[in-house]
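Participant: Here's a sequence, model it:
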Amino acid sequence: MRSVLVVVTRQIGDVLLTTPLIHEVRRRWPQARVDVLGFSGTLGMLRGNPDVSDLIEVPARPGLRGTLALARRLWRRYDLALVADPGDRAHLIGWVAARERVGVLPERSGSNWWKEKLLQRVVHSPGDLGNVHVVTEKMALLGEGGAPQLVGPASRPLPEPLQRQLLEGYVVVHAPSMWPYKQWPIEHFRKLIGLLERAGRQVVLTGGPGAGDRAAVASLAGSAIDAGLLDFNQVAGLLRGAALYIGPDTSVSHLAAACGVPVLAIFGPTNPQRWAPWPATEQPVVFQRQALAQTVGQVTLLQSDLHCVPCGKAGCEDHRQSRADCLPAISPERVAAQALALLSA
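Facilitator: Numbering: from 1, shown residues only. This is a model prediction of the structure:
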């Protein structure tokens, strides 16, 4: 193979979970050009990744003119396309870009019939209630390979004012979630921070540039430090210096795991067998579907004891703005006790 395109047209966390696949491509074909195509604003974690030759960012809604321009740009430019997203557009991009295509498809879908005609080989996804982790599923695009390992972004120096405030043993807490059904209550985070500070720990808060993230961080900042707006390379540097990271089912939790910091992840309706942060320190990686607390490598994951956990849905009402009753059921006292046990160890 002289040129390979990896197509991952999903969210930031999905992009990071594709890095083991990208790394395996580079290991197999060290002289090949390895490009990654994704939506604008989602590929930041890959900047500076030594396995990637180039990043191709495309709008989520390019319109007809943009679609035609992309097709002209990519037409048969690659020997192989690895389509790591089951979506229609991703598979069309793969067909346009490469002579050979391998892709992920759902086990059952009304559009599988035509996508299968575009692929030389298919990897079927069991879906969010399956027991195959997304990292393992993506690696299967290349068949048998080495032990998957996430590749986090290189560290970049922190802003000097933030660096001067940091004390040895600080704990990074990421409170905001993109969707309400993944959001551990902000009031729970407030109590957790108070318990950590009373135990003598400095807490550093992270969040993205969006209004929701900024509001969540501002509501928690006080004695806790607001890290401010950092790029992914600076966040990686902050995480690598931390004694512990605590966060929900979000891309930053995956980033923390890739950086090797001890991770305490708070999960609600999401199935950890599919979406748990992939640890940097242990192989093979096997998470249980449901456990009050479980640890794999440097990743500890907490769930509630509600009988429906994990449902694999978008919350109790199964839409992105839904509530998730299993998250408030995880008390801040329980999270703090687990965090302090990890820190003492």
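Participant: Could you measure from residue 268 over to residue 215?
Facilitator: As defined by Cβ to Cβ, to the nearest Å, residue 268 lies at a distance of 21 Å from residue 215. Heads up, the C-betas are built off the backbone N, CA and C, glycines and all.
Participant: which one of the two has more residues nearby?
Facilitator: Between residue 268 and residue 215, counting by other Cβ atoms under 10 Å, residue 268 is the more crowded of the two (27 against 13).
Participant: contacting residues around the more buried one?
Facilitator: For residue 268, the contact set (Cβ atoms under 8 Å, 6 or more residues apart in numbering) comprises 181-182, 184, 248-249, 303-304, 309-310, 315, 324, 326-327.
Participant: same thing with residue 107?
Facilitator: By Cβ under 8 Å, 6+ apart, the contact list for residue 107 reads 124, 125, 126, 127.
Participant: Check what pLDDT it gets.
Facilitator: Per-residue confidence (pLDDT) for residue 107: 88.
Participant: for the one 3 residues further on, same thing?
Facilitator: At residue 110, the predicted lDDT confidence score is 90.
Participant: Assign it to helix, strand or coil.
Facilitator: coil (DSSP: H, G, I helix; E, B strand; the rest coil).
Participant: Run a quick neighbour tally on it.
Facilitator: 7.
Participant: phi, psi of it?
Facilitator: phi -70, psi -20 (degrees, to the nearest 10).
Participant: Kindly report the same for the one 3 residues further on.
Facilitator: For residue 113, the backbone dihedrals are phi -60, psi -40 (criterion: degrees, to the nearest 10).
Participant: Pull the number of nearby residues for it.
Facilitator: By other Cβ under 10 Å, neighbour count at residue 113 equals 8.
Participant: Over to residue 329?
Facilitator: 14.
Participant: that older thread, would a markdown table of the contacts of residue 268 with pLDDT be doable?
Facilitator: Shown next, in a markdown table, are the contacts of residue 268 (pLDDT from 0 to 100):
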| residue | pLDDT |
| --- | --- |
| 181 | 97 |
| 182 | 97 |
| 184 | 98 |
| 248 | 97 |
| 249 | 96 |
| 303 | 98 |
| 304 | 97 |
| 309 | 97 |
| 310 | 97 |
| 315 | 96 |
| 324 | 97 |
| 326 | 98 |
| 327 | 98 |
